[in-house]
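Peer 1: model this:
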Amino acid sequence: MATRLYVGNLPYSVSENELRRLFSQAGTVDSVTMPLDRQTGRPRGFAFVQMANGDEANSAIQMFNGYVLDGRPLRVNIAQEREMRGGGYAGRA
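Peer 2: Model (predicted):
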């Protein structure tokens with residue numbers, strides 16, 4: 001089963017293709033997503049890398065958590081599902 005990784009503390013100069021090449025050293029990369037800032041359109045300094053399975057994801061964590069990329073130590077761990085945040089109008093009188 002595919003496992004999604006959070007990759008934080010990314011240099012802003014890194015592209016999705018560069019991340020895909022880097023993480024493919026640990027196994028099959030299904031996808032790479034780099035969210036952009038809504039206002040500036042620039043990368044936000046983190047990404048999600050989906051590995052083909054849990055073993056490859058664990059290998060990627062071992063290989064790249066703390067790995068220095070362009071002078072910045074990466075933070076790599078299993079991505080946590082976002083909690084539902086209350087927002088807006090519901091429940092207000």
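Peer 1: Check which helix or strand E18 maps to.
Peer 2: Secondary structure assignment for E18, by DSSP states H and E: helix 16-23.
Peer 1: what's that helix in contact with?
Peer 2: For helix 16-23, the external contacting residues (Cβ atoms under 8 Å, 6 or more residues apart in numbering) are 5, 7, 10, 29, 32-34, 47, 49, 51, 60, 64, 69. Placement of C-beta: from N, CA and C, glycine included.
Peer 1: In strands, which of these fall?
Peer 2: Among these, the members falling in strands (DSSP state E) are 5, 7, 29, 32-33, 47, 49, 51, 69.
Peer 1: got JSON lines for those, with neighbour count too?
Peer 2: Below are those laid out as JSON lines (neighbours: other Cβ atoms under 10 Å):
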{"residue": "L5", "neighbour count": "24"}
{"residue": "V7", "neighbour count": "27"}
{"residue": "V29", "neighbour count": "20"}
{"residue": "V32", "neighbour count": "21"}
{"residue": "T33", "neighbour count": "12"}
{"residue": "A47", "neighbour count": "22"}
{"residue": "V49", "neighbour count": "27"}
{"residue": "M51", "neighbour count": "24"}
{"residue": "L69", "neighbour count": "17"}
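Peer 1: could I have the helix holding E18 exported to CSV, CA atoms only?
Peer 2: Extracted in CSV, the C-alpha atoms of helix 16-23 (Å, rounded to 0.1, in the frame of the first residue of the first chain):
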residue,chain,number,x,y,z
GLU,A,16,9.4,18.3,-7.9
ASN,A,17,11.6,16.5,-10.4
GLU,A,18,14.7,16.9,-8.2
LEU,A,19,12.7,15.5,-5.2
ARG,A,20,11.5,12.6,-7.3
ARG,A,21,15.1,11.8,-8.4
LEU,A,22,16.4,12.0,-4.8
PHE,A,23,13.6,9.9,-3.3
